[in-house]
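quick one, fold the following:
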Amino acid sequence: MKFTLQHTDAASKARAGLVQTDHGSFETPVFMPVGTAGTVKSLHRDFLLDDIQAGIILGNTYHLYLRPGLEVLQQAGGLHAFSNWPRAILTDSGGYQVYSLSGTRKMKEEGVTFQSHIDGSRHLFSPERVMDIQRSIGADIIMAFDECTPYPCEYDYAKKSMEMTHRWLDRCFNQFGQTRPLYGYEQSLMPIVQGSVYDDLRRKSAEYVLNHDAPGYAIGGLSVGEPHEDMYRITGLVTDILPQNKARYLMGVGTPENLLECIERGIDMFDCVMPTRNGRNGTIFTTQGIINIRNKRWANDFDPLDELTPEYSKAYVRHLFAADEMLGPVVASLQNLRFYRWLMLNARKHILDGDFIAWKTAIMPIITKKW
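Numbers count the residues shown, from 1 in each chain. Here you go, the predicted model:
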């Protein structure tokens with residue numbers, strides 16, 4: 001992975017860049033569709049390639065490790081070959097899933113023992129094991145193993161967790177350096193900044209991860225229930241420390257408002273399940289605001305769902321949901337990812353044009369309006 005900074009907005013920290021991998025390049029800011037189990041839910045590969053034009057998607061180490069399992073993935077030649085995805089892939093290390101399994105896992109210095117949500121079997125994720133698993137999956141960009149602290153989180157716990165995440169980071173890089181890619185293309189390891197909502201811990205963590213030269217650095221442990229003001233403050237604090245010439249990835253974020261606010265604060269890469277999860281449940285992001293397509297008000301509205309999806313009317317998509325037709329969640333998920341791509345493309349354009357802040361100020365009340 002190589003990141004090239006192409007332009008920085010004069011009135012903010014918003015950036016336009018280019019990320020290159022052995023599976024192609026993509027422009028930033030970028031929203032990466034989430035394909036947890038090796039597929040972006042409800043969407044055919046060709047939608048992502050041709051319609052969304054996604055240059056990168058996500059897979060998840062925890063889920064892919066449990067199913068289909070490493071033996072199947074290795075026999076297939078890695079996740080790219082297994083899923084027939086020709087472009088870049090990033091894998092989350094499983095740290096967030098470990099966080100979400102707080103009732104069935106035990107954490108210690110060695111790593112995390114957890115219980116499978118599928119069959120109840122017990123497994124150990126250590127930093128070394130997670131590196132080996134991600135080698136087997138074969139993503140272009142792999143994430144260091146960390147602990148994602150909850151919110152709220154006591155200072156002492158956040159500090160101890162951050163320090164353990166740093167020790168795990170060192171072990172991740174040691175293991176990564178002692179192993180090689182399995183499928184004939186390079187992989188890059190990205191550290192994760194932790195420290196909950198505490199400014200001093202975030203500074204320490206941001207400074208610590210720079211001990212490891214990486215093509216990019218991630219910010220984790222946000223979008224876990226903290227107020228948006230805390231998310232934005234921490235994001236701005238960390239990006240002030242991270243290098244200008246390296247990619248910055250804010251993990252698990254978020255709403256359209258979150259994306260624009262954090263682009264302003266210097267973030268290049270985002271991911272979140274929100275567009276596809278909300279779409280499956282009938283919440284649709286459009287260029288004119290957010291609509292609940294199940295609402296009766298759309299039953300006789302024959303205008304297009306959105307300028308990005310002119311092929312179907314609101315009334316028809318509402319009918320699909322009311323009739324429990326599979327096409328409903330597909331159309332809604334596709335529209336939401338079209339919208340997120342539209343938002344990123346426009347953000348990039350206005351960064352390059354030099355009027356990002358004016359555009360953001362004008363567009364924000366329109367796209368966040370709830371109908």
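
what are the ranges of the strands in the stretch 151-300 of the chain?
Under the criterion DSSP state E, counting those that start in this stretch, strands of the stretch 151-300 of the chain are mapped to 188-190, 192-193, 216-219, 247-250, 269-271, 283-286, 289-292.

name the nearest residue to Y340, sequence neighbours excluded.
Nearest non-adjacent residue to Y340, counting by Cβ to Cβ, 6 or more residues apart in numbering: F31, 4.5 Å away. The C-beta positions use only the backbone N, C-alpha and C, and glycine is treated the same way.

that neighbour: neighbour count?
26 (other Cβ atoms under 10 Å).

please report phi then psi for it.
phi -110, psi 130 (degrees, to the nearest 10).

wait, doesn't it sit right on F339?
No. If you go by Cβ atoms under 8 Å, F31 and F339 don't touch, sitting 9.7 Å apart.

list the residues that contact both of those two?
When contacts are counted by Cβ atoms under 8 Å, 6 or more residues apart in numbering, F31 and F339 are jointly contacted by P275.

I'd say M251 and A218 touch.
Yes. Taking Cβ under 8 Å as the definition, M251 is a contact partner of A218 at 5.4 Å.

for the chain, give me the ranges with low pLDDT.
Along the chain, the parts satisfying pLDDT under 70 run over 99.

how about the residue of it positioned farthest from its centre, phi and psi?
Distance from the C-alpha centroid of the chain, by Cα atoms, centre = their mean, peaks at N300 (36.2 Å). Backbone torsions of N300, given as degrees, to the nearest 10, read phi -120, psi 20.

element containing the spatially closest residue to it that is not a sequence neighbour, please.
Spatial nearest neighbour of N300, excluding adjacent residues (Cβ to Cβ, 6+ apart): A315 at 5.9 Å. According to DSSP states H and E, A315 maps onto helix 314-322.

buried sites along that helix?
Within helix 314-322, the residues scored as buried using 16 or more other Cβ atoms under 10 Å are 314, 316-321.

do the same with stretch 191-204
Neighbour-count burial for stretch 191-204 [16+ other Cβ under 10 Å]: 191-198, 201-204.

can you pick out the most distant pair from those residues?
P191 and V197 (19.5 Å; Cβ to Cβ).

so who does H117 touch?
With Cβ under 8 Å, 6+ apart, H117 has these contacts: 66, 101, 104.

ramachandran angles for it?
Torsion angles, degrees, to the nearest 10, at H117: phi -80, psi -10.

how about a markdown table for the buried residues of stretch 191-204, with distance to G120 added?
A markdown table is the format used below for the buried residues of stretch 191-204 (distance: Cβ to Cβ, whole Å):
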| residue | distance to G120 |
| --- | --- |
| P191 | 32 |
| I192 | 29 |
| V193 | 34 |
| Q194 | 29 |
| G195 | 33 |
| S196 | 31 |
| V197 | 34 |
| Y198 | 36 |
| L201 | 35 |
| R202 | 37 |
| R203 | 41 |
| K204 | 38 |
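
go through those and say which is closest to M269.
Closest to M269, out of all of the buried residues of stretch 191-204 and judged by Cβ to Cβ, is I192, at 12.6 Å.

I'd guessed that closest one sits against H166; true?
No. Under the criterion of Cβ under 8 Å, I192 makes no contact with H166, lying 10.1 Å away.
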